[in-house]
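Trainee: sequence unavailable; structure follows:
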């Protein structure tokens, strides 16, 4: 491997991905494994999670599936304990778990608002806290990458709690980065736009989906592999001087004219 690319390697690292049972999280698990990390896949759906874990292993990666609810501190602690018992200290964390419950603000229930904010914002904070406490205790540096969204910058109808939570993730990342910098723990945020995930692939063929694509300056949406570089930059030593940074990957969507 060229010396230019060596800093992007995660060989010998233990990386945890939340929300790893599908979508971005599933993809990130494969990318981290291919970069050399031992990967801890976490999510609430244990059976689906194990299937992803088996897929990573079938491609030569090293991974374990550990059920975890990011809204439950006890569940988070247990997952980190399990990860450490099998792989050692987790030094890379990808806070990806998230949900959307589309609704107009006038119609949303307290329960749905709380569920979205709990998963998308509180979950990021709780996992970051647990990871930070363990890294500080071990006197080890680390990298935490929080997954936000372009809705942190631009709003979309029916996604008020999601947008508010993702904007919170961006500001939380900066605050955590400032606090953790003295411990050599970097905290950064990745803000994806729209990508061809299995959940949305068919919708992009609809009239509404095509209309959205037409509003993107590059006139296309992302392919999952286009997140690989930004993810590895933030997760690896290639981004060793980056903390509190926000990287938007959206084909210029947030730059579109009003």
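Mentor: Nice, thanks for sending it over. The shown structure was predicted, so the numbers you read here are calculated from the model rather than taken from an experiment. Residues are numbered from 1 along each chain as shown.

Trainee: helix, strand, or coil at residue 7?
Mentor: Secondary structure state of residue 7, per DSSP: H, G, I helix; E, B strand; the rest coil, is helix.

Trainee: show me where the stretch 151-258 of the chain has its strands.
Mentor: When assigned using DSSP state E, counting those that start in this stretch, the strands of the stretch 151-258 of the chain occupy the ranges 185-192, 246-249.

Trainee: ok, the longest one: who's next to it in the sheet?
Mentor: With DSSP bridges as the criterion, the sheet partners recorded for strand 185-192 are strand 142-147 (parallel), strand 246-249 (parallel).

Trainee: what's next to that strand, contact-wise?
Mentor: For strand 185-192, the surrounding residues in contact (C-beta atoms under 8 Å, 6 or more residues apart in numbering) are 24, 128, 132, 135-136, 141-150, 152-153, 166, 169-170, 173, 176-177, 180, 222, 227, 230-231, 234, 239-240, 242-250. Any C-beta I mention is one placed from the backbone N, CA and C, and that applies to glycine too.

Trainee: count of residues packed around the residue nearest to residue 119 when sequence neighbours are not counted?
Mentor: In this structure, residue 119 finds its nearest non-sequential neighbour in residue 99, 4.9 Å apart by C-beta to C-beta, 6 or more residues apart in numbering. The local packing of residue 99 (other C-beta atoms under 10 Å) involves 15 other residues.

Trainee: what residues does stretch 220-240 touch?
Mentor: Under C-beta under 8 Å, 6+ apart, the answer for stretch 220-240 is 7-10, 15, 24, 27-28, 31-32, 35, 92, 94, 143, 145, 186, 188, 190, 192-197, 204, 212-213, 242, 245, 247, 249-251.

Trainee: list the buried residues of it.
Mentor: Neighbour-count burial for stretch 220-240, counted by 16 or more other C-beta atoms under 10 Å, picks out 221-222, 224, 227-228, 230-239.

Trainee: likewise stretch 58-77?
Mentor: So for stretch 58-77, counting by 16+ other C-beta under 10 Å, buried means 61, 63, 64, 65, 66, 67, 68, 69, 70, 71, 75, 76.

Trainee: same check, this time on stretch 243-258
Mentor: For stretch 243-258, a neighbour-count test (16+ other C-beta under 10 Å) marks 243, 244, 245, 246, 247, 248, 249, 250, 251, 253, 254 as buried.

Trainee: now do stretch 164-177
Mentor: Applying a neighbour-count criterion of 16+ other C-beta under 10 Å, one finds 164, 165, 166, 167, 168, 169, 170, 172, 173, 174, 176, 177 buried in stretch 164-177.

Trainee: neighbours of residue 125, how many?
Mentor: Other residues near residue 125 come to 17 when the count uses other C-beta under 10 Å.

Trainee: how much space between it and residue 119?
Mentor: With the distance defined as C-beta to C-beta, to the nearest Å, residue 125 ends up 11 Å from residue 119.

Trainee: which residue is nearest the centroid of the chain?
Mentor: Nearest to the geometric centre of the chain sits residue 96, at 2.7 Å (C-alpha atoms, centre = their mean).
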